[in-house]
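**Q** need coordinates for the below:
(one chain, ligands or ions: 1)
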Amino acid sequence: MEFKKNDILTIDIEDMGHDGEGIGKADGYTLFVKDTVIGDRAEVKIMKAKKNYGYARLLKVLRPSPDRTEPRCPIARACGGCQLQFLSYEKQLEFKKKKVLGNLQRIGGFADIQAERVLGMEDPWRYRNKAQFPVGRNKEGEIVTGFYAGRTHSIVPNRDCLLGVKVNEEILNRILAYMETCHAEPYDEKTGIGLVRHILLRYGFKTGEIMVCLIINGTRIPAQDSLVEALKDIPGMTSISLNVNTKRNNVILGEKVIPLWGKEYITDYIGSIQYQISPLSFYQVNPVQTEKLYGTALEYAGLTGKETVWDLYCGIGTISLFLAQKAKQVYGVEIVPPAIEDARRNAKLNGITNAEFFVGKAEEVLPEKYEKEGIYADVIVVDPPRKGCDEAVLDTMLKMKPEKIVYVSCDSATLARDLKVLCQEEYRLEKVAVCDMFPQGVHVETVCLLSNRKSKPDTHVDLTLDMEDYYRIKDQEGRLLQDKRSGETVK
Ligand code: SAH
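**A** Next up is the predicted model:
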């Protein structure tokens, strides 16, 4: 049977895709349906029909899955922020675990691997310490703030996102009232005219300190004192600033920060390590889970105080400083210079003297230091961006032969690809921990412990599947439907 755009049909959702969308079949024709979960029977409308598969919109749930739950947020469907609110939290964790293990099996060839632990949140709401609210006007001409609808830049009004802290709402109310009264114009992306682009809010979970930063298309705001007056008596207010971004692009923050009131940073802790966070600093958004994630990495590293540890892709040194508490010496490598400045400052702030940081690409710094200086490591920790480790990093790690490698990953597909290389001969995958840093969303973090094989038996099963299988969507007969890298349908 041929299906086409606007067709309305009933399907059973039988699977879930990588982005949390439900997958069902009608007469062998595969449909991807956002906002549905496994076990739903739903009435859907086809929005885009390709030859062998299509995308449909949920019209009505005819028979809800036992795993379906009522989203807490009233705008969960319209907002592009959360993908899994329709799924009970327990099932969200199961989905994430399956996603990680599935990739390790299919791409990495680790046939019997289990997750040693799945770290979920006791309360999977209001966990974010950072929020960036775009500002604009609605059709009625009122100033609004909220979140972008999925895949667009139209603002769905919402001042109380349930992933953020409660105080955000009061802060936004006061800023928008100031904007109305003092004629601080919202920025219009289409014309490039207007002043206030985004409102960045940060909150230190351990300290209660609050940061407000207005990102503006200019260098000044009208009636600056009125803004400060409106905000400074909110309990916890610590830092108020402006950030200048006059470029016409999608990047939220510009480079220049203009302090208006209070300190130029807020302070927060992960474990007992203190961090100073400025508007431009990278800092993990879920502090409760970050502590669990890094705690697991530290546990896996199994440090006794005698080890030399390399922390590659170290950012502001969060993991490095955590490790430095238990190691003899830690070396961090990171490509972004201001992050390394933060790392050095944070080391000093905590009186940590056994951590040294290098600016540069991991794939250049590590091989160079190894070839020229013959550096050594007992443990190497990597926490790369989504694209995973560069080959040169993997090669050098294999040459350096540390006793342990701890791989922290935000993309289990590239993790599996890299582990396959590392575990070909030299290493064995010992432990896998799955950590939910983003409840209600699809992303998941993984920590893996690899140990050098020397003394132990070989249990690694090498399948022939590889990354190609992740990128290529195939139909039941194995015909190629789509290649994720290009987004193109392949005939
Ligand atoms: N471990 C840190 C940050 C991890 S995010 C933390 O938890 O805070 C990944 C980091 O890798 C980012 O800071 C990014 O700037 C850095 N990065 C990206 N490509 C890199 C490369 N080729 N070499 C070194 N660092 C890189």
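
**Q** wasn't Leu227 part of a helix?
**A** Yes. Under DSSP: H, G, I helix; E, B strand; the rest coil, Leu227 falls within a helix.

**Q** so the closest residue to it other than its chain neighbours versus Gln224, what's the distance?
**A** In space, Leu227 comes closest to Tyr178 once its chain neighbours are excluded; the distance is 5.0 Å by CB to CB, 6 or more residues apart in numbering. Backbone N, C-alpha and C define where each C-beta goes, glycine included. Tyr178 sits 10 Å away from Gln224, going by CB to CB, to the nearest Å.

**Q** comparing the two, which shows the higher neighbour count?
**A** Tyr178 (23 against 17; other CB atoms under 10 Å).

**Q** wait, that one touches Asp225, no?
**A** No. Tyr178 lies out of contact with Asp225 (CB atoms under 8 Å); the separation is 10.5 Å.

**Q** from this protein, which residue is nearest to the ligand?
**A** Taking CB to the nearest ligand atom, the ligand has its nearest neighbour within the chain at Gly315, 2.7 Å off.

**Q** would you check that that residue makes contact with Tyr275?
**A** No. Assessed by CB under 8 Å, Gly315 is found out of contact with Tyr275, at 10.9 Å.

**Q** more crowded one of those two?
**A** When Gly315 and Tyr275 are compared for neighbours, Tyr275 comes out ahead with 26 against 22, by other CB under 10 Å.

**Q** that one bridge partners, please.
**A** Asp268 (DSSP bridges).

**Q** report the separation between it and Glu209.
**A** Using CB to CB, Tyr275 is found at 11 Å from Glu209.

**Q** shared neighbours of these two, anything?
**A** 267-268 (CB atoms under 8 Å, 6 or more residues apart in numbering).

**Q** re the thing from before, element containing the residue nearest to Leu227, please.
**A** For Tyr178, the element it lies in under DSSP states H and E is helix 167-182.

**Q** now do that helix: everything it contacts.
**A** Identification of contacts with helix 167-182 by CB under 8 Å, 6+ apart yields 131, 133, 135, 143, 145, 159-161, 184-186, 196, 199, 201, 203, 210, 212, 214, 221-223, 226-227, 230-231, 234, 236.

**Q** equivalent analysis for stretch 369-385, please.
**A** 297, 301-303, 306-315, 319, 323, 327, 331, 358, 362, 389, 393, 396-397, 399-400, 402-410, 414.

**Q** straight-line length of stretch 26-41, end to end?
**A** From its first residue to its last, stretch 26-41 covers 12 Å (CA to CA, to the nearest Å).

**Q** how far away from the center of its chain is that stretch?
**A** Chain-centre distance of stretch 26-41: 26 Å, with CA atoms, centre = their mean, to the nearest Å.

**Q** which parts of that stretch are buried?
**A** By 16 or more other CB atoms under 10 Å, the buried positions in stretch 26-41 come out as 26, 29-41.

**Q** what does stretch 435-453 give?
**A** Across stretch 435-453, burial judged by 16+ other CB under 10 Å covers 435-442, 444-451.

**Q** equivalent analysis for stretch 120-130, please.
**A** For stretch 120-130, the buried set under the neighbour-count rule, 16+ other CB under 10 Å, comprises 120-121, 124, 127-130.

**Q** quick one: residues in contact with stretch 110-128.
**A** The contact list for stretch 110-128, computed with CB under 8 Å, 6+ apart, reads 72, 89, 92-93, 96-97, 100-101, 104-105, 161-166, 285-289, 292-293, 296, 416, 419, 423, 429, 431-436, 439-440, 459-461, 463.

**Q** residue ranges with poor pLDDT in this protein?
**A** Judged against pLDDT under 70, the low-scoring parts of the chain cover residues 1, 455-491.

**Q** the helices in it, which residues?
**A** Secondary structure of the chain, counting by DSSP state H: helices at 89-106, 167-182, 224-231, 287-301, 318-324, 337-349, 362-373, 391-400, 412-422, 467-471.

**Q** tell me which of these sits most buried.
**A** Among the helices of the chain, judged by mean count of other CB atoms under 10 Å, the one packed with the most neighbours on average is helix 318-324 (a mean of 27).

**Q** do that one and the ligand meet?
**A** Yes. Helix 318-324 is in contact with the ligand by CB under 6 Å from any ligand atom, via 318-319.

**Q** just the CA trace of that helix, in PDB.
**A** Extracted in PDB, the C-alpha atoms of helix 318-324 (Å, rounded to 0.1, in the frame of the first residue of the first chain):
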ATOM      1  CA  THR A 318      36.400  19.500  36.800                       C
ATOM      2  CA  ILE A 319      37.500  15.900  36.600                       C
ATOM      3  CA  SER A 320      41.200  16.700  36.900                       C
ATOM      4  CA  LEU A 321      40.700  18.500  40.300                       C
ATOM      5  CA  PHE A 322      38.500  15.600  41.500                       C
ATOM      6  CA  LEU A 323      41.200  13.100  40.600                       C
ATOM      7  CA  ALA A 324      44.000  15.300  42.000                       C
END
